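1. quick one, structure for this:
(one chain, ligands or ions: 1)
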Amino acid sequence: MWKNWLEYGPFFRTHLLGYPLYVVGSAGLIKPVLGDDSAFEFFVPGKTFTMLISDIRHMQVPEQHAVFRRRLGQALNPGALSRHVMAPLRAVLERHLDAWEAAGRVQLAEACAAASLDVALEVLTGVPLPPAHEARAEVRKLFRTALAGLYGVPLPWLPGTAIHSALRAQARLMQLLGPELDREVAELAGKMMEAEANPAASAADAAGAAAGGSGSNEAPMRMLEAQVAAALPFHRSSSSASSSAAPAAAANGNGKSATAAAATAGVGLSLTKEQIFERALGVVIASDDTSKHLFFFALVAAAMLPGVRGKLEQEQKEAMRKHGDDLSYAVLNDMPYLDAVIKETIRVFPTAVGGFRRALKDVAVEGGHVIPAGSIVFYSTHLLNASDPALLPRFLAPEARRQQAVGPGAGAHATTTAAAGGGQPDTGSKAGRKALARTLEGPTGLPAHLDYECRLEEAFRPERWLSDETRPRQFTGFGGGSHLCLGMHVAHAEARMLLALVVRRFDLRLEDPQLLSRVTYFPGPVPRKGADGLVLMPRRLEP
Ligand code: HEM
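-> Model (predicted):
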């Protein structure tokens with residue numbers, strides 16, 4: 001993306017995953033792409049996703065999307081996290097860390113994937129899991145198989161393909177979890193209908209939530225409750241959505257829903273339990289496929305950078321002095337350095353590399369470009385990161401520009417002048433971008449803020465998040481606009497909890513210090529087999 005940016009700037013055409021598309025990567029360009037739902041709709045590339053989650057209208061149709069966001073937001077807002085998520089989250093992570101300690105070392109990618117899947121399943125989805133250990137292990141395995149279906153050829157009828165196995169796993173999961181899910185959904189829907197009949201009580205609940213500092217006046221809910229609430233077509237405060245939700249369920253095109261929706265209509269739901277289950281799977285996909293990478297890279301950075309580890313330890317000691325063993329949402333939220341480490345992890349190693357939209361009409365965008373109706377657009381987190389004005393070297397002070405004009409070699413001089421001058425590079429022209437590139441040091445030709453393979457200490461600098469002047473301005477690690485990640489707070493909470501616990505319990509050493517150059521990145525980061533051994537040396541951090 002850095003090379004593309006140098007060559008073409010923040011707007012160009014290319015092919016990705018078999019689609020011809022426009023790539024956009026500047027603050028001005030992404031504004032309409034992410035923010036204007038009348039011009040761009042959410043688009044899912046490939047067919048495997050919609051084979052697993054057949055109805056994605058709640059992501060595309062603005063009225064349904066608003067209900068979905070509002071309801072899911074109630075399960076993922078800070079109030080809901082404090083009330084329902086933090087205690088089980090800690091329990092699940094401590095269980096994994098106990099196993100890490102007992103083993104003394106882990107293959108980090110696998111260990112992070114296992115922890116993040118358990119968090120998604122046991123803490124976030126709200127789908128009732130069987131209590132017995134063996135049954136849970138089977139459920140975990142089936143979910144993994146279902147998730148693996150996302151990446152592969154879209155040939156569901158062909159035995160041996162990942163999607164074939166995924167759909168079978170999904171059906172088996174419905175068999176295993178369906179009856180209990182059915183019971184809980186009906187019970188929750190019944191309760192909500194009662195609340196509907198008694199609005200004063202639910203208003204009091206919402207007010208209580210706001211007073212409790214949830215940061216939102218929406219009453220915190222558990223996830224399954226929120227999914228059911230999103231499916232109530234007549235719910236008091238979602239009446240604007242009621243007219244579109246029910247017909248959508250009846251006509252979602254996969255043939256699964258219409259009659260079953262009518263069956264659930266006894267409790268007034270516009271979704272079938274299969275659809276509710278599919279949405280729960282959507283939460284697992286959204287959370288597991290991202291958090292496991294965040295866990296992995298945050299721990300790699302902490303293991304590789306003693307300076308970062310030292311500051312994390314300092315902050316944890318201080319927190320222990322102030323709050324003892326408490327790692328509640330509020331306490332974890334009051335650790336600026338830890339927060340900066342997590343943001344920097346997502347900036348340097350974005351787990352979501354961007355997102356797709358489809359233009360609903362011809363749209364004129366910044367730079368005099370027009371995106372024709374029907375085109376696919378990809379906003380690239382990497383491109384935005386590469387060209388972030390807060391991160392680029394500031395070198396083109398007036399003297400530097402004059403120096404540059406006199407000929408080759410001037411670039412190196414310009415860097416020196418830059419330090420004194422502090423001007424912004426002229427990135428609007430290809431010549432300006434190339435001049436910028438010539439001044440960069442290092443064997444990769446990358447700017448320091450991206451060069452994690454050769455200059456990790458310069459690339460990974462959490463401190464940049466701690467001051468307004470140095471804070472990145474084009475950070476889209478969690479997307480933006482109307483589809484801004486709903487799980488942003490929970491992702492932060494998970495990673496903060498994991499890192500805080502690890503730093504309190506272990507010193508860390510990577511077996512292969514060159515790990516970062518042994519990771520490939522498709523579909524997500526995959527370390528070369530055996531290269532990601534992490535040794536955990538137990539110790540108790542004293543306040
Ligand atoms: C490191 C962790 C995470 C990262 C980097 C991340 C990133 C993102 C990004 C970039 C988007 C926008 C996609 C687009 O614009 O096309 C998104 C959307 C979303 N994320 Fe996350 N995510 C993370 C964790 C989570 C978690 C833990 C959950 C749920 C518990 C979650 C739920 C969602 C949902 C539901 C959406 C869709 C929002 C909408 O369309 O309105 N994410 N996420």
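
2. quick check, the residue in the stretch 401-543 of the chain closest to the ligand?
-> residue 487 (2.0 Å; C-beta to the nearest ligand atom). In short, each C-beta sits where N, CA and C put it, glycine included.

3. for that residue, give me its contacts.
-> The contact partners of residue 487, by C-beta atoms under 8 Å, 6 or more residues apart in numbering, come to 76, 124, 283, 286-287, 290.

4. can you count the residues close to residue 466?
-> A count of nearby residues for residue 466, using other C-beta atoms under 10 Å, gives 14.

5. residue ranges with poor pLDDT in the chain?
-> For the chain, residues meeting the criterion pLDDT under 70 lie at 200-217, 233-268, 394-425, 441-442.

6. for it, what lies in contact range of the ligand?
-> Counting by C-beta under 6 Å from any ligand atom, the positions of the chain adjacent to the ligand are 59, 69, 72, 76, 124, 283, 286-287, 290-291, 294, 346, 351-352, 355, 477-479, 483, 485-487, 490-491.

7. for the stretch 401-543 of the chain, which segments count as strands?
-> Counting by DSSP state E, counting those that start in this stretch, the stretch 401-543 of the chain has strands at residues 506-510, 519-520, 526-527, 533-538.

8. what does the chain give?
-> Secondary structure of the chain (DSSP state E): strands at 11-16, 19-24, 40-42, 105-107, 354-359, 363-365, 369-371, 376-380, 506-510, 519-520, 526-527, 533-538.

9. now do the buried residues in the second one.
-> In this case it means strand 19-24. 21-24 (16 or more other C-beta atoms under 10 Å).

10. and that strand, how far out from the chain's middle?
-> 21 Å (C-alpha atoms, centre = their mean, to the nearest Å).

11. what angle separates it from strand 354-359?
-> Note on geometry: by axes from the mean of the first three to the mean of the last three C-alpha atoms, to 10 degrees, strand 19-24 and strand 354-359 are set 110 degrees apart in direction.

12. contact partners for residue 482?
-> 34-35, 37, 62, 65, 69 are the contacts of residue 482 under C-beta under 8 Å, 6+ apart.

13. the same query, at a cut-off of 7 Å, please.
-> By C-beta atoms under 7 Å, 6 or more residues apart in numbering, residue 482 lies in contact with 34-35, 37.

14. what would the contacts of residue 487 look like in CSV with neighbour count?
-> Below are the contacts of residue 487 laid out as CSV (neighbours: other C-beta atoms under 10 Å):
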residue, neighbour count
76, 26
124, 26
283, 24
286, 18
287, 25
290, 23
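
15. would you format the strands of the stretch 401-543 of the chain as JSON lines with mean neighbour count included?
-> Formatted as JSON lines, the strands of the stretch 401-543 of the chain follow (neighbours: other C-beta under 10 Å):
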{"stretch": "strand 506-510", "mean neighbour count": "18"}
{"stretch": "strand 519-520", "mean neighbour count": "14"}
{"stretch": "strand 526-527", "mean neighbour count": "16"}
{"stretch": "strand 533-538", "mean neighbour count": "16"}
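
16. closest to residue 141 out of these?
-> Closest to residue 141 of the strands of the stretch 401-543 of the chain, according to C-beta to C-beta: strand 526-527, at 19.8 Å.

17. which secondary structure elements does that closest one contact?
-> Helices and strands in packing contact with strand 526-527 are listed as strand 519-520; criterion 3 or more C-beta pairs under 7 Å, 6 or more residues apart in numbering; DSSP states H and E.

18. ok so, going back, which of the contacts of residue 487 lies closest to residue 1?
-> Looking across these and measuring by C-beta to C-beta, the closest to residue 1 is residue 290, at 19.2 Å.

19. check contacts around the residue of the stretch 251-400 of the chain found nearest the ligand.
-> Taking C-beta to the nearest ligand atom as the measure, the stretch 251-400 of the chain has residue 355 as its residue closest to the ligand, at 2.4 Å. Residue 355 is in contact with 379, 479, 483, counting by C-beta under 7 Å, 6+ apart.

20. redo that, cut-off 8 Å
-> If a contact means C-beta under 8 Å, 6+ apart, then residue 355 has 42, 378-379, 479, 483 as its contacts.

21. residue 156 too?
-> Counting by C-beta under 8 Å, 6+ apart, residue 156 touches 51, 163-164, 167.

22. show me where the stretch 101-250 of the chain has its helices.
-> 108-118, 133-148, 162-197, 199-211, 223-230, 239-250 (DSSP state H, counting those that start in this stretch).

23. tabulate those helices (JSON lines), appending mean neighbour count and distance to residue 328.
-> As requested, those are exported to JSON lines (neighbours: other C-beta atoms under 10 Å; distance: least, C-beta to C-beta, whole Å):
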{"stretch": "helix 108-118", "mean neighbour count": "21", "distance to residue 328": "20"}
{"stretch": "helix 133-148", "mean neighbour count": "16", "distance to residue 328": "27"}
{"stretch": "helix 162-197", "mean neighbour count": "17", "distance to residue 328": "26"}
{"stretch": "helix 199-211", "mean neighbour count": "13", "distance to residue 328": "17"}
{"stretch": "helix 223-230", "mean neighbour count": "25", "distance to residue 328": "20"}
{"stretch": "helix 239-250", "mean neighbour count": "17", "distance to residue 328": "34"}
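
24. let's have those in CSV, adding distance to residue 455.
-> Output for the helices of the stretch 101-250 of the chain, formatted as CSV (distance: least, C-beta to C-beta, whole Å):
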stretch, distance to residue 455
helix 108-118, 22
helix 133-148, 34
helix 162-197, 37
helix 199-211, 46
helix 223-230, 41
helix 239-250, 50
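
25. and these: which comes nearest residue 339?
-> Here helix 108-118 is closest among the helices of the stretch 101-250 of the chain (C-beta to C-beta), at 19.1 Å.

26. now the angle from the closest one to strand 506-510?
-> Using the same axes, to 10 degrees: helix 108-118 against strand 506-510 is 130 degrees.

27. which of the contacts of residue 355 tops the neighbour count?
-> Neighbour-wise, these (other C-beta under 10 Å) top out at residue 379, 25 neighbours.

28. tell me what that residue is bridged to.
-> Under the criterion DSSP bridges, residue 379 forms beta bridges with residue 24, residue 355.

29. just checking, it touches residue 31?
-> No. Between residue 379 and residue 31 there is no contact under C-beta atoms under 8 Å: 10.3 Å.

30. among the contacts of residue 156, which pair sits farthest apart?
-> 51 and 164 (9.9 Å).

31. still on that earlier bit, got the strands of the stretch 401-543 of the chain as CSV, with distance to residue 367 columns?
-> Compiled in CSV, those are given as follows (distance: least, C-beta to C-beta, whole Å):
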stretch, distance to residue 367
strand 506-510, 43
strand 519-520, 33
strand 526-527, 36
strand 533-538, 45
